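Chemist: My questions are about this predicted structure, shown below with the sequence.
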Amino acid sequence: TGTTRPQRLLRAVQERATRGDSESVIAAIDHFCRHQEWAMNVGDEKGFILDSVVSEVSPQTALELGTYCGYSTVRIARLLPPGGHLITLEFNPNYAAVARQVIAWAGLEDMVQVVEGASGDWIPHLREHFGIESFDFVFLDHWKELYLPDIKLLEECGLLRKGTVLLADNVVCPGTPDYLEYVRKSQSYESHYFGSHLEYTRAEDGLEKSVYLG
Ligand SMILES: O=C(NCCO)c1cc(-c2ccc(F)cc2)cc(O)c1O
Ligand SMILES: [Mg+2]
């Protein structure tokens, strides 16, 4: 018993970051992961690439698959344009509970909806439940074997439109080979690999950006 790693990460945020200051929340988590305990946040190096893609897209509607402790949720939400909204799906209720508190500490709860449950169960209901027509931006960071089935489901549900930008974490480590093959071979996507490193380590990893062409 005792605390879990997500709970220790949350405590580090509450002790080190300033309420309402999303930059200090990001810095507190990066400090915790570099100096206390590694955790599977996208991290600062890949996070900088995430920031640049989100800023370029400037999405009104964004979807994140895999919330974990809310680190990338905060990185995305802090860059949304006025009226922008982010829905983030998390299967693990303990992760979701910590993420809600991290997002609230950053003062971004009004732009973010944390939804608990399996992505495959929720994706077919996002339109009716949240009044979403389609997504401008999707960040994939959940179970690596679900990246491919979930984008096929997003296509089938008509939640992608011409120009929707998908950004996938961990395409090298742990790796998402079937997803990579699909987006790089499909005539429906224009893909580009951004080489980087596994969060807080020197191991190779990277992000794959794929634009849906319809
Ligand atoms: O499983 C992951 N995410 C979904 C769970 O919520 C995940 C795992 C790792 C990782 C772990 C263990 C290791 F040895 C190397 C990488 C990294 C990540 O960025 C991730 O997103
Ligand atoms: Mg990841």
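Modeler: Okay, I see it. Ligands and ions are numbered 1, 2, ... in the order given.
Chemist: Quick one: the strands in this structure, in order.
Modeler: 61-65, 85-90, 112-116, 135-140, 160-168, 189-197, 204-212 (DSSP state E).
Chemist: Adding mean neighbour count, distance to ligand 2 and mean pLDDT as columns, could you present these in JSON lines?
Modeler: Every C-beta, even on glycine, is put in place using the N, C-alpha and C of the backbone. Listed next are the strands of the chain as JSON lines, based on neighbours: other CB atoms under 10 Å; distance: least, CB to the ion, whole Å; pLDDT from 0 to 100:
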{"stretch": "strand 61-65", "mean neighbour count": "27", "distance to ligand 2": "10", "mean pLDDT": "99"}
{"stretch": "strand 85-90", "mean neighbour count": "24", "distance to ligand 2": "13", "mean pLDDT": "99"}
{"stretch": "strand 112-116", "mean neighbour count": "19", "distance to ligand 2": "17", "mean pLDDT": "98"}
{"stretch": "strand 135-140", "mean neighbour count": "23", "distance to ligand 2": "9", "mean pLDDT": "99"}
{"stretch": "strand 160-168", "mean neighbour count": "20", "distance to ligand 2": "9", "mean pLDDT": "99"}
{"stretch": "strand 189-197", "mean neighbour count": "15", "distance to ligand 2": "11", "mean pLDDT": "99"}
{"stretch": "strand 204-212", "mean neighbour count": "20", "distance to ligand 2": "8", "mean pLDDT": "99"}
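Chemist: So which bits of this protein are right by ligand 1?
Modeler: 40, 66, 68, 141-143, 169-170, 173-174, 198-199 (CB under 6 Å from any ligand atom).
Chemist: In ChimeraX, how would I select the buried members of those residues?
Modeler: Selecting only the buried members of these in ChimeraX, with burial defined as 16 or more other CB atoms under 10 Å, works like this:
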select :40,66,68,141,142,169,170,173,198,199
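Chemist: and the strands of the chain as a markdown table, adding distance to residue 78?
Modeler: Putting the strands of the chain into a markdown table (distance: least, CB to CB, whole Å) gives the following:
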| stretch | distance to residue 78 |
| --- | --- |
| strand 61-65 | 12 |
| strand 85-90 | 10 |
| strand 112-116 | 10 |
| strand 135-140 | 14 |
| strand 160-168 | 16 |
| strand 189-197 | 20 |
| strand 204-212 | 18 |
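Chemist: Residue 25 is nearest to which of these?
Modeler: Closest to residue 25 of the strands of the chain is strand 112-116 (CB to CB; 12.7 Å).
Chemist: Now the residue in the chain that ligand 1 sits nearest to: closest residue in space that isn't a chain neighbour?
Modeler: For the chain and ligand 1, the shortest gap (CB to the nearest ligand atom) falls at residue 40, measuring 3.9 Å. In space, and not counting its chain neighbours, residue 40 is closest to residue 68: 6.2 Å by CB to CB, 6 or more residues apart in numbering.
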